[in-house]
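S.K.: Quick one: sequence plus predicted model below, questions after.
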Amino acid sequence: MTMEMVAMIVAGATIAVGSIGPAIGEARVAASALESMARQPDLAGTITRTLFVSLAMIESTAIYCLLVSMLLLFKIGPLFEKAVEAAQ
Amino acid sequence: MPNPVEDMVLFTLGPIPVSRIIVVTWCVMGVVIALAAVVRANLRVRTPGRLQQVVEGMLDWLGAEIRGIVGRPPEPFIPLVASLFIFILAANLTSLVSSLVPGLKPPTADITTTAALSTVVFLAVPFYGVSDVSRTLALAVRLFGNMLSGEILFGVILALVPFFLPLPLMFLSLITGTIQAYIFAVLTIVYIGGAVKVSEKHEAKETAQ
């Protein structure tokens, strides 16, 4: 197994594991926002704005994972491969 | 699949390499400036044109958002926030055109553009109050990651099923682009609003002493 294959597998694992937490978090946020909007429709505007901001905040965790997997695929994997070739 | 993290260099302007993203950014800037010039040339008080109504509606809405978050008259914040919103919206919507032209992607799907935009926010926040580094980085990475993931998804789907299936994805990228522009603008307002409130507290303490 080459280093590039290892990097590919780790990249897949990164995005797979890293998207679980944000998914659960976003679902909870959306559910409670809907609930509070149903209870107090007057505050729907404020709740929607806060909802978008907090969704963006939670989503950044998944985006960091995406970034890490992209770096593994396109930067770190080839770098490792070159290092191994140089060592041989 | 081409490397989505790095961009191809088209030509060098002296010592500065000019990549594809920069050319697309110039085109977006040109379109936005041309639209602004057209609206400005046709400003009317009594019989506003369609474009003027759209722009005025957008600015009123942004002003209401700023008033809701900062709790102050929105006039000092409008130029920065509205420029950021309009530019990011125009840049995100190029994903519709760029999906027809192979190898092209929206400027906001490149880390250099989003880093520059969040640097603008980072420098603007101390102008209104106190600034913070980590949230600047998060702001850049968020917009970049969202646009990049859309592009990658579109590329993969286009390679697998080239007919019809990309259409709903284009619709999705339309929504995502608009929401991301909105989120960038709202987070800018939130950061500036927080800085304004902190500096107001400082002033209140100093006057109390």
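M.R.: Arrived safely.
S.K.: Verify the contact between B:T25 and B:A91 for me.
M.R.: Yes: taking contacts as C-beta atoms under 8 Å, B:T25 lies within contact range of B:A91: 7.2 Å. C-beta: built from backbone N, CA, C; applies to glycine.
S.K.: intersection of neighbour lists for these two?
M.R.: Overlap of the contact sets of B:T25 and B:A91 (by C-beta atoms under 8 Å, 6 or more residues apart in numbering or on different chains) consists of B:107, B:113.
S.K.: The two: which is more packed in?
M.R.: Set side by side, B:T25 and B:A91 show more neighbours around B:A91, with 29 against 21, by other C-beta atoms under 10 Å in any protein chain shown.
S.K.: which stretch of helix or strand covers that one?
M.R.: Using DSSP states H and E, the element containing B:A91 is helix B:78-98.
S.K.: Can I get that helix as PDB, trimmed to CA atoms?
M.R.: Extracted in PDB, the C-alpha atoms of helix B:78-98 (Å, rounded to 0.1, in the frame of the first residue of the first chain):
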ATOM      1  CA  ILE B  78     -24.000  50.000   5.000                       C
ATOM      2  CA  PRO B  79     -21.100  50.700   2.600                       C
ATOM      3  CA  LEU B  80     -18.900  47.900   3.900                       C
ATOM      4  CA  VAL B  81     -21.600  45.300   4.400                       C
ATOM      5  CA  ALA B  82     -23.500  46.000   1.200                       C
ATOM      6  CA  SER B  83     -20.300  45.900  -0.900                       C
ATOM      7  CA  LEU B  84     -19.300  42.600   0.700                       C
ATOM      8  CA  PHE B  85     -22.800  41.100   0.200                       C
ATOM      9  CA  ILE B  86     -23.200  42.300  -3.400                       C
ATOM     10  CA  PHE B  87     -19.700  41.200  -4.500                       C
ATOM     11  CA  ILE B  88     -19.900  37.700  -2.800                       C
ATOM     12  CA  LEU B  89     -23.400  37.200  -4.200                       C
ATOM     13  CA  ALA B  90     -22.200  38.100  -7.800                       C
ATOM     14  CA  ALA B  91     -19.100  35.900  -7.300                       C
ATOM     15  CA  ASN B  92     -21.100  33.000  -6.000                       C
ATOM     16  CA  LEU B  93     -23.600  33.200  -8.900                       C
ATOM     17  CA  THR B  94     -20.800  32.900 -11.400                       C
ATOM     18  CA  SER B  95     -21.000  29.200 -10.500                       C
ATOM     19  CA  LEU B  96     -24.000  28.900 -12.800                       C
ATOM     20  CA  VAL B  97     -21.900  30.200 -15.700                       C
ATOM     21  CA  SER B  98     -18.800  28.400 -14.700                       C
END
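S.K.: List, one by one, the residues from chain A near chain B.
M.R.: A:45-46, A:49, A:52-53, A:56, A:59-60, A:63-64, A:66-67, A:70-71, A:74-75 (C-beta under 8 Å from any C-beta of the partner chain).
S.K.: Now do the contacts for B:N92.
M.R.: Contacts of B:N92 by C-beta under 8 Å, 6+ apart are B:106, B:108, B:147, B:173, B:176-178, B:180-181.
S.K.: sorry, back to before: so which of the residues of chain A next to chain B is the closest to A:A11?
M.R.: Comparing the residues of chain A next to chain B against A:A11 with C-beta to C-beta places A:M70 closest, at 7.7 Å.
S.K.: Just confirm the closest one contacts B:S149, I think it does.
M.R.: No: judged on C-beta under 8 Å, A:M70 makes no contact with B:S149 at a distance of 9.2 Å.
S.K.: still on that earlier bit, mean confidence score for the helix holding B:A91?
M.R.: On average, the pLDDT along helix B:78-98 is 88.
S.K.: Of all the residues in chain B, which one is nearest chain A?
M.R.: B:G145 (3.3 Å; C-beta to the nearest C-beta).
S.K.: Tell me the buried residues in the helix or strand encompassing that residue?
M.R.: Following DSSP H and E, one finds B:G145 within helix B:134-160. Within helix B:134-160, the residues scored as buried using 16 or more other C-beta atoms under 10 Å in any protein chain shown are B:135-136, B:138-152, B:154-155.
S.K.: sorry, back to before: got the contact list for the residue of chain B closest to chain A?
M.R.: Residues in contact with B:G145 (C-beta under 8 Å, 6+ apart) are A:60, A:63-64, A:66-67.
S.K.: Now do the same for B:L10: helix, strand or coil?
M.R.: strand (DSSP: H, G, I helix; E, B strand; the rest coil).
S.K.: Now do the contacts for it.
M.R.: B:18-20, B:23.
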